[in-house]
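# The sequence and its predicted three-dimensional model are supplied below.
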Amino acid sequence: MAQEVLSVPEVTCQHCVSALEGAVGALQGVDTVKVDLDRKDITIDYDDARVGHDSFVSAITGEGYQVGG
Ligand SMILES: [Cu+2]
């Protein structure tokens, strides 16, 4: 298992949390995903043989949020 933490500066409320946790959590190979509203980041625990950074970024931007910043 591996873990990645990405900055998601545009998250502002529980709706954003649900959208991102749902989108990233739906990816095959993702174990757990948690958005921290105070830190504005997302922590993803995943199987690095099955999924990785590019898929996370695609899922997040697909919901209309930017990564980084
Ligand atoms: Cu929101």
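That came through, no problem.
# all contacts plus neighbour counts: C-alpha atoms, from now on.
OK.
# where do the strands sit along the chain?
Along the chain, counting by DSSP state E, strands occupy 2-7, 30-36, 41-46.
# Show me which residues of stretch 60-67 are buried.
Ile60, Tyr65, Gln66, Val67 (16 or more other C-alpha atoms under 10 Å).
# gap between the residue of the chain most remote from its centre and Leu27?
Relative to the mean C-alpha coordinate of the chain, counting by C-alpha atoms, centre = their mean, the farthest residue is Ala49 (17.5 Å). For Ala49, the distance to Leu27 equals 13 Å [C-alpha to C-alpha, to the nearest Å].
# swap in Ala2?
Taken as C-alpha to C-alpha, the span from Ala2 to Leu27 is 15 Å.
# Comparing the two, which shows the higher neighbour count?
The residue with more neighbours, out of Ala2 and Leu27, is Leu27; 16 against 12, by other C-alpha atoms under 10 Å.
# Identify the residues contacting the more buried one.
Val51, Ser55 (C-alpha atoms under 8 Å, 6 or more residues apart in numbering).
# Show me which of the buried residues of stretch 60-67 is closest to Cys16.
The closest of the buried residues of stretch 60-67 to Cys16 turns out to be Tyr65 (C-alpha to C-alpha; 8.7 Å).
# backbone phi and psi for the nearest residue to the closest one once chain neighbours are set aside, please?
Leaving aside its chain neighbours, Tyr65 sits nearest to Glu10 (6.3 Å; criterion: C-alpha to C-alpha, 6 or more residues apart in numbering). Here is the backbone geometry of Glu10 (degrees, to the nearest 10): phi -90, psi 0.
# same thing with Gly29?
phi 100, psi -10.
# Give me every residue in this protein lying close to the ion.
Applying C-alpha under 5 Å from the ion, one finds that the chain approaches the ion through Thr12, Cys13, His15, Cys16.
# By neighbours, which of these wins?
Result: Cys16 is most packed of these (other C-alpha under 10 Å), 18 neighbours.
# where's the closest residue to Thr43 other than its chain neighbours relative to the ion, distance?
If you skip the residues right next to it in sequence, Thr43 has Val5 as its closest partner in space, 4.4 Å away by C-alpha to C-alpha, 6+ apart. Separation of Val5 from the ion (C-alpha to the ion, to the nearest Å) stands at 19 Å.
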